[in-house]
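**Q** coords please:
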Amino acid sequence: MLQYAFDLNYVRTSVLKRYALSTNEHGGIRIAQLSLDLVEGNGSSEEAIIGYIDHDEGQRAGANQSIMIGEEQTVRRGVYVRIRDPPNAEFVARIVDGPIYTVKVARYLLELTSMVVGGTRTMIQSRPKPGSPVRLMSPEATQAYLGAVGDINVGRLVAQKEVKVSIQSSTFTSHIGIFGTTGSGKSNCLQVIAEEASEAGRSILILDIEGEYVRMNEPTMELQQLLMEFGKKPHGIKDLHVYVPAQNTSLNHEAKRFGIPLADIDLEIFSEVLGLSPFERVYMYEVARKARDTSGNFHAFDMNSLMTALRKRIEAQVDNTSIPEVVAEAHMGLFTKLSLAQRAGIIDSHFEKITPESICVPGRVSVIDMSESSDIVRNICVAHFLKSIFRYKTRTPNSSPIIIFAEEIHTFISRAKITTMLATLTMLIEIARQGRKRGISLGLVSQQPALVPSELIELCNTRFIHRVSSTPNIEVLRQSTGNVPDSLWSILLSLGKGEALVSSPSFDHAVITQIRPNKSKRLRVEQSNGTSAPNSNHWNNLT
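**A** As a prediction, the model looks like this:
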């Protein structure tokens, strides 16, 4: 993209003559009604002339030009304009800087985004000539040009609030990344996508680590006026199912407790989640094999049989002085870690397990409330549900497409853990690469994208980037996010709450979007004196 400016200074005299506009005491042009006076066709202001291209002389170097617009009228940065350059060329540009005031005029910097010659869109081969009129693009034309159309409406352009930003639900066959600092609007963004995708018939699974989404079946009581500006009304999710690990509670009193059978858990990933050493892993596989052989057809392979087999093995080592100390320590370490996992209460609980069939239902939103769970339980749940749904979708690829949101994914798998959690990373990459063909879309949420393995970041084709303050986090996203003009990265630090840079394969280029507020209820859970208390979902609390 070419970046330069546009101005009316060059044609000041001709404009005065043509439109009989007056000047103010400083010699500037009074064009407060310019957007109404200089329109084409039937008098609609949607294609208003807001200025003209200026000569390069005295302006910025390179491809820069300028536009002058009246001191009594200003244009927002980020607005899209159309520049017609007779006889048959047309340019589309975005205002990226200004107003830059002089005594007589105000100038704005433009960034050309495309060129159309004879009705055909092509690479930018030239620049508009001085005197070419600059027109404000209509909301419909802007949305169509950006490619921001579809059945998933996420918000509106920050600079042009009349322009909706929507995405085709078919785009969500690829994966979604939601990034931003605490309080930037990630949770609201997740919830809006879940609401819209659910209405479009997608199944939604939210791995909720804070218990924020457990009452989405209720309409929101906050920001109703702002919600109306987006053409929406408060509305709860019709089909919400909330699940909570055994021994935990939820702020949704209808939440169902569940357990996970050991027989359904991938032992290789289980060993990584528990943080087993190489020796401990080897011995767990041996003990598991022994427990399975012992169980046979008469007893289930479960945690009790595993612990029984390990206990017998340790007891046999007590009087054996030839056993190396490192072997004995590895067995005791394994016993301790398995005991902690067993006491967590989720493995082999008497509560029923959650089947993938009950989650992959069109329009259903399922929430796993892990707000009271330990890190071990959370990681076991994340790994289990990802794996079980992938297996189910492999068997039944025509079942309902599903989006699985994993909050703070960097706490589950990070760059620092790659060498010790290789099986887990391999599973995630396999699900990400093969799952999309089976209707699985991952929604990875993180406030520390620099900690997320690059292999996962790069697989997120649709990205919602909220305010990011850390340079390493910005660089990771910048290196792997396509179709983002350089001028947009510079304003990432200044994004307000609820605002995001949205990049999608269906977009011509990334856009700064105000994500709409959630229609359904979200709980903001805050820690106070060791207790958790729900707080209303106020705009200032969007996270």
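
**Q** can you list the weak-confidence ranges in the protein?
**A** The chain contains residues with pLDDT under 70 at 1-46, 57-73, 296-299, 525-543.

**Q** So for residue 311, what's the nearest residue that isn't a sequence neighbour?
**A** Among residues not flanking residue 311 along the chain, residue 335 sits closest, at 7.4 Å (C-beta to C-beta, 6 or more residues apart in numbering). Heads up, the C-betas are built off the backbone N, CA and C, glycines and all.

**Q** can you check residue 386 too?
**A** Excluding its sequence neighbours, the residue lying closest to residue 386 (C-beta to C-beta, 6+ apart) is residue 431, at 5.9 Å.

**Q** Run a quick neighbour tally on the residue nearest to residue 311.
**A** Residues near residue 335, counting by other C-beta atoms under 10 Å, number 18.

**Q** And residue 426, how far from residue 439?
**A** 21 Å (C-beta to C-beta, to the nearest Å).

**Q** more neighbours, these two?
**A** With neighbours defined as other C-beta under 10 Å, residue 426 and residue 439 compare such that residue 439 has more, 20 against 13.

**Q** Excluding sequence neighbours, find me the nearest residue to the more buried one.
**A** Distances taken as C-beta to C-beta, 6+ apart place residue 401 nearest to residue 439, at 3.7 Å, with adjacent residues excluded.

**Q** Residue 192 and residue 167 touch, don't they?
**A** No: in this structure residue 192 lies outside contact range of residue 167 using C-beta atoms under 8 Å: 11.1 Å.

**Q** which ones are touching residue 429?
**A** Residue 429 makes contact with 455, 456, 459 under the criterion C-beta atoms under 8 Å, 6 or more residues apart in numbering.

**Q** ah, wrong one, I meant residue 347
**A** Counting by C-beta under 8 Å, 6+ apart, residue 347 has contacts 259, 260, 261, 262, 265, 303, 341, 380.

**Q** wait, is residue 177 part of a helix?
**A** No: judged by DSSP: H, G, I helix; E, B strand; the rest coil, residue 177 forms no part of a helix; its state is strand.

**Q** So what's the residue count around it?
**A** Residue 177: 26 neighbours (other C-beta under 10 Å).

**Q** Show me how the record splits the chain into domains.
**A** Domain assignment for the chain, taken from automatic domain parsing, gives 2-138, 172-260+350-524, 263-343.

**Q** could you dump those to TSV with distance to residue 157?
**A** Listed next are the domains of the chain as TSV, based on distance: least, C-beta to C-beta, whole Å:
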stretch	distance to residue 157
domain 2-138	7
domain 172-260+350-524	6
domain 263-343	42
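
**Q** Need the residue closest to the centroid of the chain.
**A** Nearest to the mean C-alpha position of the chain, by C-alpha atoms, centre = their mean, lies residue 178 at 2.3 Å.

**Q** thought residue 191 was touching residue 213?
**A** Yes: at 6.5 Å, residue 191 counts as touching residue 213 under the criterion of C-beta under 8 Å.

**Q** Mutual contacts of those two, please.
**A** Listed contacts common to residue 191 and residue 213 are residue 522; contacts here mean C-beta under 8 Å, 6+ apart.

**Q** rewinding a little: deepest of the domains of the chain, which one?
**A** Each of these was scored by mean neighbour count; the highest is domain 172-260+350-524, a mean of 20, by mean count of other C-beta atoms under 10 Å.

**Q** Would you mind measuring the gap between the ends of that one?
**A** For domain 172-260+350-524, the separation between the terminal residues is 27 Å (C-alpha to C-alpha, to the nearest Å).

**Q** Using PDB, list the CA coordinates for stretch 233-251.
**A** What follows is stretch 233-251, C-alpha atoms only, in PDB (Å, rounded to 0.1, in the frame of the first residue of the first chain):
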ATOM      1  CA  LYS A 233     -31.300  -6.200  22.300                       C
ATOM      2  CA  PRO A 234     -30.400  -8.100  25.500                       C
ATOM      3  CA  HIS A 235     -31.000 -11.700  24.900                       C
ATOM      4  CA  GLY A 236     -29.900 -14.900  26.600                       C
ATOM      5  CA  ILE A 237     -28.600 -18.100  24.900                       C
ATOM      6  CA  LYS A 238     -31.500 -20.400  24.300                       C
ATOM      7  CA  ASP A 239     -29.600 -23.700  24.700                       C
ATOM      8  CA  LEU A 240     -26.900 -23.300  27.400                       C
ATOM      9  CA  HIS A 241     -25.400 -26.300  29.200                       C
ATOM     10  CA  VAL A 242     -23.000 -25.700  32.100                       C
ATOM     11  CA  TYR A 243     -20.700 -28.400  33.500                       C
ATOM     12  CA  VAL A 244     -18.400 -28.300  36.500                       C
ATOM     13  CA  PRO A 245     -15.700 -30.800  37.600                       C
ATOM     14  CA  ALA A 246     -16.600 -33.100  40.500                       C
ATOM     15  CA  GLN A 247     -15.900 -31.500  43.900                       C
ATOM     16  CA  ASN A 248     -16.300 -28.000  42.500                       C
ATOM     17  CA  THR A 249     -19.300 -25.600  42.500                       C
ATOM     18  CA  SER A 250     -20.600 -23.100  39.900                       C
ATOM     19  CA  LEU A 251     -22.500 -19.800  40.000                       C
END
